[in-house]
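> below: sequence and its predicted model.
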Amino acid sequence: MSAQTHTPGSVTAVYKVSGMSCGHCEGAVSGEISEIPGVSSVKAVASTGEVTVVSAAPLDEAAVRAAVDEAGFELVGKA
């Protein structure tokens with residue numbers, strides 16, 4: 001039996017986002033990404049620039065990029 005950090009049927013992806021520097025930044029990025037259909041959880045961390053997204057299925061990176069752009073930041077890619 002292997003230990004898994006995500007719930008069955010979900011996909012966890014970590015993205016690098018440049019430009020986040022505070023809690024407001026984290027909230028803006030999280031809010032936009034959480035509007036993507038299928039997303040169940042988003043955690044942005046300004047200090048590392050990492051955004052962890054849990055979704056029902058793998059997300060289209062273009063949709064994530066558009067959401068991050070809408071929040072005013074730049075998606076660097078997957079971490």
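Looks like it arrived, so ask away.

> what's next to the helix or strand hosting residue 32, contact-wise?
Taking DSSP states H and E as the definition, one finds residue 32 inside helix 23-34. Residues from elsewhere that reach helix 23-34 (C-beta atoms under 8 Å, 6 or more residues apart in numbering): 17, 19-20, 39, 42-46, 51, 53, 64, 67-68, 70-73. C-beta: built from backbone N, CA, C; applies to glycine.

> just the residues you listed: which are in strands?
If you go by DSSP state E, these have 17, 39, 42, 43, 44, 45, 51, 53 in strands.

> picking up where we left off before, ok, of the contacts of helix 23-34, which come out buried?
Buried residues within those, defined by neighbour count using 16 or more other C-beta atoms under 10 Å: 17, 20, 39, 42, 44, 46, 51, 53, 64, 67-68, 71, 73.

> now do the contacts for residue 57.
Contacts of residue 57 (C-beta under 8 Å, 6+ apart): 11, 38.

> quick one: secondary structure of it?
Using DSSP: H, G, I helix; E, B strand; the rest coil, the structure places residue 57 in coil.

> for it, give me phi and psi.
phi -150, psi 160 (degrees, to the nearest 10).

> just the pLDDT at it, thanks.
On the pLDDT scale, residue 57 is placed at 95.

> still on that earlier bit, for the helix holding residue 32, which positions count as buried?
For helix 23-34, by 16+ other C-beta under 10 Å, it's 25, 26, 28, 29, 30, 32, 33.

> adding pLDDT, write the residues you listed out as a markdown table.
Formatted as a markdown table, the buried residues of helix 23-34 follow (pLDDT from 0 to 100):
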| residue | pLDDT |
| --- | --- |
| 25 | 97 |
| 26 | 98 |
| 28 | 98 |
| 29 | 98 |
| 30 | 98 |
| 32 | 98 |
| 33 | 98 |
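
> report the two of the ones in strands among the contacts of helix 23-34 separated the most.
Greatest spatial distance in the ones in strands among the contacts of helix 23-34: 39 and 45, 16.8 Å, computed using C-beta to C-beta.

> residues making contact with stretch 39-49?
10, 16-18, 20-23, 25-27, 29-30, 33-34, 50-56, 59, 76.
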